[in-house]
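Participant: Have a look; sequence and predicted model below, questions after that.
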Amino acid sequence: MKVAIVGCGTMGRIHAANLAKMPEAELVGAFDVQVAAAEHIAATYDTTAYDDFDTMMKETDPDIVCVLLQTPLHRDYVQQIADYGKHVFCEKPIALQAEEGRAMAMYCKAKGVRLCIGHVLRFFPNYQDMKRRVEGGEIGRVGVVHTKRVGPHPGAASAWYHDFEHSGGVIMDLMIHDIDFLRWTLGDVESVYTINYRNSELDYALVTLQFRNKTIANLEAGWGVPEAFRYGIELAGSKGLLRFDSNSAGSLHIKRQQTQTAGTAEVAVPQSPTYADPYYRELEHFIAAITHDTPLLITAEEACTNIEIVRAAIQSAATGLPIYL
């Protein structure tokens with residue numbers, strides 16, 4: 001299956017590397033308005049660089065296009081790709097507003113193409129195992145959950161992260177990983193309460209979610225924390241405890257993110273401490289779903305519900321009040 005990518009930054013390089021290794025995929029083009037970024041990927045993975053989107057689409061005729069751009073640009077490119085009749089993989093978050101995300105999903109449906117949103121935590125073996133254990137009743141009824149996802153500020157690599165109106169801050173761009181996983185595992189959220197502190201160097205948020213099943217989850221996320229990127233989760237149930245920490249995960253090979261500094265050309269992204277690369281697995285899953293016409297592990301509607309929770313969290317931080325969904 002022919003695949004092209006739009007956006008050749010950190011996520012573009014990650015997905016290009018995986019597509020180049022995938023037997024069922026052929027990376028046919030890389031587009032970026034920063035032509036040097038596209039040329040780097042083209043030279044590394046033996047494909048063609050483009051600085052014009054329509055030229056790439058016409059010359060390569062891809063089956064799938066991966067949208068790996070800043071969030072405010074998602075809708076425009078997703079809809080342009082749908083106009084070409086091509087399937088779309090779009091990085092999370094789907095959009096800055098749930099209504100915009102739903103409009104994107106409806107547009108793709110009307111054009112007869114599939115839209116997959118890159119909520120990659122669903123493809124982490126560790127998290128999939130936790131979900132199976134919770135649903136299997138191994139720890140009984142889950143009462144309290146704690147998650148943590150912290151690291152350097154990505155604004156050192158990409159300044160747009162400092163623009164809250166465009167990035168949505170640490171809750172929209174980072175904590176959304178844990179919001180999606182907990183919704184996937186525990187169900188609907190009933191209320192949201194947030195404390196959020198932001199300045200030019202730090203964006204720290206503590207969000208409390210109450211689920212309809214009465215589970216309470218405390219989610220912590222931070223950009224600008226003086227340590228290497230790390231994440232973890234603890235689920236406490238009536239019969240036991242499930243705990244995972246990226247820093248102490250036991251595996252023969254462990255990938256670790258190093259502390260970012262100004263001028264570093266990378267944005268920290270979560271990696272799985274196993275051989276099963278979740279970014280590879282999510283693209284493989286999307287290709288298989290198209291090939292065999294099977295359901296996706298993440299729907300656009302679920303991605304939009306995540307945005308509603310994020311927006312409730314941001315509103316709670318602004319008002320100092322809990323928000324009921």
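Facilitator: Here it is on my side, so go on. Values in this document were obtained by computation on a predicted structure and should not be read as measured data.

Participant: what about the helices in the stretch 201-325 of the chain?
Facilitator: 278-292, 300-319 (DSSP state H, counting those that start in this stretch).

Participant: Among the ones you listed, show me which one is buried the most.
Facilitator: Greatest average neighbour count among the helices of the stretch 201-325 of the chain goes to helix 300-319 (a mean of 20), per mean count of other CB atoms under 10 Å. C-beta coordinates here come from the backbone N, C-alpha and C atoms, glycine included.

Participant: which helices and strands does that helix pack with?
Facilitator: helix 98-111, strand 115-118, helix 176-186, strand 189-198, strand 203-211, strand 323-324 (3 or more CB pairs under 8 Å, 6 or more residues apart in numbering; DSSP states H and E).

Participant: about what we covered before: just put the helices of the stretch 201-325 of the chain in JSON lines and tack on distance to E165 and mean pLDDT.
Facilitator: As requested, the helices of the stretch 201-325 of the chain are exported to JSON lines (distance: least, CB to CB, whole Å; pLDDT from 0 to 100):
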{"stretch": "helix 278-292", "distance to E165": "28", "mean pLDDT": "98"}
{"stretch": "helix 300-319", "distance to E165": "11", "mean pLDDT": "98"}
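
Participant: so which of these comes closest to Y107?
Facilitator: Smallest distance to Y107 across those (CB to CB): 10.4 Å, for helix 300-319.

Participant: how big is the angle separating that closest one from strand 203-211?
Facilitator: Inter-element angle recorded for helix 300-319 and strand 203-211: 120 degrees (by axes from the mean of the first three to the mean of the last three CA atoms, to 10 degrees).

Participant: okay, helix 300-319 in PDB with CA atoms only?
Facilitator: Below are the C-alpha coordinates for helix 300-319, written out as PDB (Å, rounded to 0.1, in the frame of the first residue of the first chain):
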ATOM      1  CA  ALA A 300     -12.900   9.600  15.400                       C
ATOM      2  CA  GLU A 301     -15.900  10.000  17.800                       C
ATOM      3  CA  GLU A 302     -13.800   8.700  20.700                       C
ATOM      4  CA  ALA A 303     -11.000  11.100  19.700                       C
ATOM      5  CA  CYS A 304     -13.600  13.900  19.800                       C
ATOM      6  CA  THR A 305     -14.800  12.800  23.300                       C
ATOM      7  CA  ASN A 306     -11.200  13.100  24.500                       C
ATOM      8  CA  ILE A 307     -11.200  16.700  23.300                       C
ATOM      9  CA  GLU A 308     -14.400  17.400  25.200                       C
ATOM     10  CA  ILE A 309     -12.700  16.200  28.400                       C
ATOM     11  CA  VAL A 310      -9.600  18.300  27.700                       C
ATOM     12  CA  ARG A 311     -11.800  21.400  27.100                       C
ATOM     13  CA  ALA A 312     -13.600  20.700  30.300                       C
ATOM     14  CA  ALA A 313     -10.300  20.500  32.100                       C
ATOM     15  CA  ILE A 314      -9.100  23.800  30.600                       C
ATOM     16  CA  GLN A 315     -12.400  25.400  31.600                       C
ATOM     17  CA  SER A 316     -12.100  24.100  35.100                       C
ATOM     18  CA  ALA A 317      -8.600  25.500  35.400                       C
ATOM     19  CA  ALA A 318      -9.800  28.900  34.200                       C
ATOM     20  CA  THR A 319     -12.800  29.000  36.600                       C
END
